[in-house]
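*Asks:* Curious how this folds, go ahead:
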Amino acid sequence: MPGVMASSRPKQWIISGSAISAVALWGLAFPLTQDALTSFSPIMLGFLRFAIASAIFGLFMLLTYSLSEIRDTIMKERWSLLLLGALYVTIPNITQNYGLVHGTSSVASVIQSSGPVMTLLFAVLLLRERMTSMKVIGSAVAMAGTVLLVAHGNISLEDESFVSNLLIFISATSYGLAWVSAKKMMNSSPPILIIGLALVFGTAMLALAVPFEQTPVTDFTPSSIANLLILGIFCAGLSSWLYLRSLEHEEVSRMAFFIYLMPVFASAFAWIIRDEGVAMWTALCAVVIVIGIIIAERRPRTIRASGK
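*Replies:* Numbers count the residues shown, from 1 in each chain. All right, here's what the predicted structure looks like:
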């Protein structure tokens, strides 16, 4: 029946497998994006990639929901969808793509994996969720690891590495805000419909940004087209669908744990595709971030025992 999501809960290995597959595709996106940036300018690449993802989600929404459901959701959530589209698609794609022009996949993915901490902090500040002592300590440790990685080297806007890391950090912050923005909407509307419409809104804003790009570049070759299709269909479209399917049956904080695997996948794919190694400092900062996140998400025994 259109517009009705399955109520039965899949097996846990299917839920976890969906989340891990999504994170693996996000990890693959880093080296593929770096390769694609040799054929497309940063904003143009973001627009083309998410135009493909939006088309896929648009078709999926039309097959799953009635036009009246889609129209009613747009009318009810139009400003929230506009904000979510900017935070989930427009801002992070522009900043991340520009950051990857001079950055590396391993460093970018480590910084990006700090996103769940951003979500936690913004949820406390904006949604007034409870901040426990473990969350305070864990967030401080994770943020320390992120800052150490971002600020490694010269802290100057003239330093390409620092600017690249700062841009990636902005994209991680934007993703963190995006999940907080989406939380209330997903409680009242189907997650797939919300994220699908947000992709369309965000892609439209990327289209508006293309004319302002200093030198828009498009070099369509068989390899660049194949790269673009993989980024759009799998790394943007399929990954979003897989991750959201897992979120339908688990808490966001629990599924966010799998995002910490992103640097592992990104580094492995970067080594295979681009012969890119991982610096010792990057690995050390990644360990600090993961330790902080584990502390932040550690629940008191009384809560664990009650199963909440």
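
*Asks:* check contacts around T221.
*Replies:* S39 (Cβ atoms under 8 Å, 6 or more residues apart in numbering). (C-beta placed from N, C-alpha, C; glycine too.)

*Asks:* do A22 as well
*Replies:* L238, S239, S240, L242, Y243, S246, F258.

*Asks:* Looking at these, which is nearest Q96?
*Replies:* Distances from Q96 to those, taken as Cβ to Cβ, are shortest for S239 (14.5 Å).

*Asks:* now the closest one: how far from F258?
*Replies:* 12 Å (Cβ to Cβ, to the nearest Å).

*Asks:* Could you tell me which residues touch both of these two?
*Replies:* Common contact partners of S239 and F258 (Cβ under 8 Å, 6+ apart): A22, V23.

*Asks:* give me phi/psi at A279?
*Replies:* When read as degrees, to the nearest 10, the backbone of A279 gives phi -70, psi 150.

*Asks:* Quick one, which of the contacts of A22 are buried?
*Replies:* L238, S239, S240, L242, Y243, S246, F258 (16 or more other Cβ atoms under 10 Å).

*Asks:* among these, which are in helices?
*Replies:* Among the buried ones among the contacts of A22, the residues falling in helices (DSSP state H) are S239, S240, L242, Y243, S246.

*Asks:* Return the per-residue confidence for the one residue sitting closest to the centre of the chain.
*Replies:* Taking Cα atoms, centre = their mean as the criterion, Y175 is the residue nearest the geometric centre of the chain, at 5.6 Å. On pLDDT, Y175 comes in at 84.

*Asks:* Equivalent analysis for F169, please.
*Replies:* 87.

*Asks:* Pretty sure it sits against I111.
*Replies:* Yes. Counting by Cβ atoms under 8 Å, F169 touches I111, with 5.5 Å between them.

*Asks:* Do a quick rundown of the helices in the stretch 201-308 of the chain.
*Replies:* With DSSP state H, counting those that start in this stretch as the criterion, the stretch 201-308 of the chain has helices at 222-229, 239-247, 252-256, 262-274, 280-296, 301-306.
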